[in-house]
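A.B. asks: Please find the sequence and the predicted model below.
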Amino acid sequence: KRGLPEEAIKKYSIDVNVDKDVDVAHRYPYFKDGRHVANKIRKRSEKAFHWEAPDRDAIRTAELFGQHLFPPGCAKSITVVEGELDAPSAWVLLGSRYPVVSVASAGSAVADIKRNYEYLDSFDDIVLCFDKDEAKTRPDGTVFYPGQESARKAAELFAPGKCRVLTLEH
């Protein structure tokens with residue numbers, strides 16, 4: 001649906017299932033220290049995900065999606081997105097020249113970034129470009145966007161000026 005070129009799908013090793021009778025649309029591989037440790041599975045019938053992994057530790061210790069493709073400090077800046085399809089999309093958008101990785105979700109973003117802090121800190125500049133999907137309402141009535149809130153919390157982990165939050169408008 002996104003019209004991603006084959007080069008981007010191959011670079012990120014996304015398994016696209018063309019069999020419409022199977023309720024698996026994509027498999028996104030996750031790595032740790034160069035080893036494939038888990039797959040995040042996107043269902044075809046709805047926007048729902050689940051994991052294939054030998055145990056929960058494989059998921060909790062995995063690198064950011066796409067991190068194995070870009071050595072630490074290989075460029076001046078790195079972009080971190082919220083979504084496995086967003087990573088190759090942003091990579092193409094940036095001319096297929098700059099590193100783009102993804103957190104597993106807005107809910108795990110801060111933990112994902114803490115776990116991979118040294119890797120991200122090896123770049124001079126970090127840009128967090130998380131989703132601005134549906135607004136949520138807290139019990140006190142205040143409205144917030146989970147992706148944007150996660151991005152702000154994650155940015156606070158780094159030295160002032162090192163990390164920026166890019167907010168996309170609808």
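C.D. replies: Now that the structure is in, tell me what you want to look at. Residues are numbered from 1 along each chain as shown.
A.B. asks: in which helix or strand would I find the residue of the chain most remote from its centre?
C.D. replies: For the chain, the largest distance from the centre (CA atoms, centre = their mean) belongs to residue 140, which lies 30.1 Å off. Here residue 140 is covered by no helix or strand, with elements defined by DSSP states H and E.
A.B. asks: quick one: the strands in this protein?
C.D. replies: Along the chain, the segments classed as strands by DSSP state E run 15-16, 24-32, 35-43, 49-52, 77-82, 100-103, 125-129, 136-137, 143-144, 163-165.
A.B. asks: Select, out of these, the one closest to residue 66.
C.D. replies: strand 100-103 (4.3 Å; CB to CB). Every C-beta, even on glycine, is put in place using the N, C-alpha and C of the backbone.
A.B. asks: How much space separates the residue farthest from the centre of the chain from residue 106?
C.D. replies: 20 Å (CB to CB, to the nearest Å).
A.B. asks: Any idea how many residues pack against residue 106?
C.D. replies: Here the count is done by other CB atoms under 10 Å, and residue 106 has 20 residues near it.
A.B. asks: ok, so what distance separates it from residue 83?
C.D. replies: 9 Å.
A.B. asks: Overlap in contacts, those two.
C.D. replies: residue 131 (CB atoms under 8 Å, 6 or more residues apart in numbering).
A.B. asks: coming back round to it: between the strands of the chain, which one is closest to residue 68.
C.D. replies: Per CB to CB, nearest to residue 68 of the strands of the chain: strand 24-32, 4.3 Å.
A.B. asks: average pLDDT across that closest one?
C.D. replies: For strand 24-32, the mean per-residue pLDDT is 93.
A.B. asks: Output the contacting helices and strands for it.
C.D. replies: Packing partners of strand 24-32 (3 or more CB pairs under 8 Å, 6 or more residues apart in numbering; DSSP states H and E): strand 15-16, strand 35-43, helix 56-60.
A.B. asks: Point out the most buried one among the ones you listed.
C.D. replies: strand 35-43 (a mean of 17; mean count of other CB atoms under 10 Å).
A.B. asks: How about residue 43: what's its closest non-neighbour residue?
C.D. replies: Of all residues not flanking residue 43 in the chain, residue 23 sits nearest, at 5.4 Å (CB to CB, 6 or more residues apart in numbering).
A.B. asks: Please work out how many residues are found near that neighbour.
C.D. replies: Using other CB under 10 Å, residue 23 has 14 neighbouring residues.
A.B. asks: That one and residue 44, how far apart?
C.D. replies: As judged by CB to CB, residue 23 and residue 44 stand 5 Å apart.
A.B. asks: joint contacts of the two?
C.D. replies: Counting by CB under 8 Å, 6+ apart, nothing touches both residue 23 and residue 44.
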